[in-house]
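K.L.:
this one's structure only:
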């Protein structure tokens, strides 16, 4: 029997960001979308999630969800059977990039949610075309659902995140590294770095997508996830970090 699939959304997003994946995979696999809102540090969020997740599971994280996925892999490597990291970043924030989030927090505290969403996910980080406006509208609606306090906690957690390169280097799991070709927030070169760290990983670049390929090009993402879920398991020979 296939292991359950756990999906971790990005900041400002709820389970709806994985709507196409839920439709595609839930008929055959137990799928859980776990919120990444349970703390103001990545370590705290991961710890709380592990308390409620299955004993063993396949893990896929998008953007901030990918950062939380790497922390789960660091904390509980024996519980993760395979990992997919999508439009994310294994590097810690620099002081400058961490400071760049402060204007977004100010917008959120000032009640300017739509402006905060567009500052966080700028239109040019998505693939060009009419789909941009639709995706940004979806993210704005999800952000309203999460609420300002939860989003500020998410941003604080991202600002303080650690470097996960050593964690990825030790992994011997079936791994999918996926990103949109138009993603300027976490560009392709970041994913090439992650793929290079992980033995036997597969790098998939979605030409028709940017930072949110799960919504922009769901069929291509679902095909990549299906191939990843179909890979045979690899024996683990590593210890925790």
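P.N.:
Great, that's in hand. What you see is a predicted model, and the numbers here were worked out from it, not measured in a lab.
K.L.:
residue 63 contacts residue 211, correct?
P.N.:
Yes: with contact defined as CB atoms under 8 Å, residue 63 reaches residue 211; the gap is 6.8 Å. C-beta: built from backbone N, CA, C; applies to glycine.
K.L.:
joint contacts of the two?
P.N.:
Shared contacts of residue 63 and residue 211 (CB atoms under 8 Å, 6 or more residues apart in numbering): 87, 185-186.
K.L.:
tabulate these (JSON lines), appending distance to residue 18 and pLDDT.
P.N.:
As requested, the shared contacts of residue 63 and residue 211 are exported to JSON lines (distance: CB to CB, whole Å; pLDDT from 0 to 100):
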{"residue": "87", "distance to residue 18": "13", "pLDDT": "98"}
{"residue": "185", "distance to residue 18": "18", "pLDDT": "95"}
{"residue": "186", "distance to residue 18": "18", "pLDDT": "96"}
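K.L.:
quick check: which ranges of this protein have low pLDDT?
P.N.:
1, 234-241 (pLDDT under 70).
K.L.:
show me the strands in it, by range?
P.N.:
Using DSSP state E, the strands of the chain run over residues 5-8, 31-33, 57-62, 80-86, 175-180, 202-206.
K.L.:
the longest helix seen in the chain packs against which elements?
P.N.:
For the chain, the helix with the greatest residue count under DSSP state H is helix 131-146. With contacts taken as 3 or more CB pairs under 8 Å, 6 or more residues apart in numbering; DSSP states H and E, helix 131-146 sits against helix 113-120, helix 213-216.
K.L.:
go again using 10 Å as the cut-off
P.N.:
helix 113-120, helix 148-159, helix 213-216 (3 or more CB pairs under 10 Å, 6 or more residues apart in numbering; DSSP states H and E).
K.L.:
which of the ones you listed is buried the deepest?
P.N.:
Stretch with highest mean neighbour count among the helices and strands packed on helix 131-146: helix 213-216 (a mean of 26; mean count of other CB atoms under 10 Å).
K.L.:
what separates that helix from the chain centre, distance-wise?
P.N.:
From the chain centre to the centre of helix 213-216 is a distance of 12 Å (CA atoms, centre = their mean, to the nearest Å).
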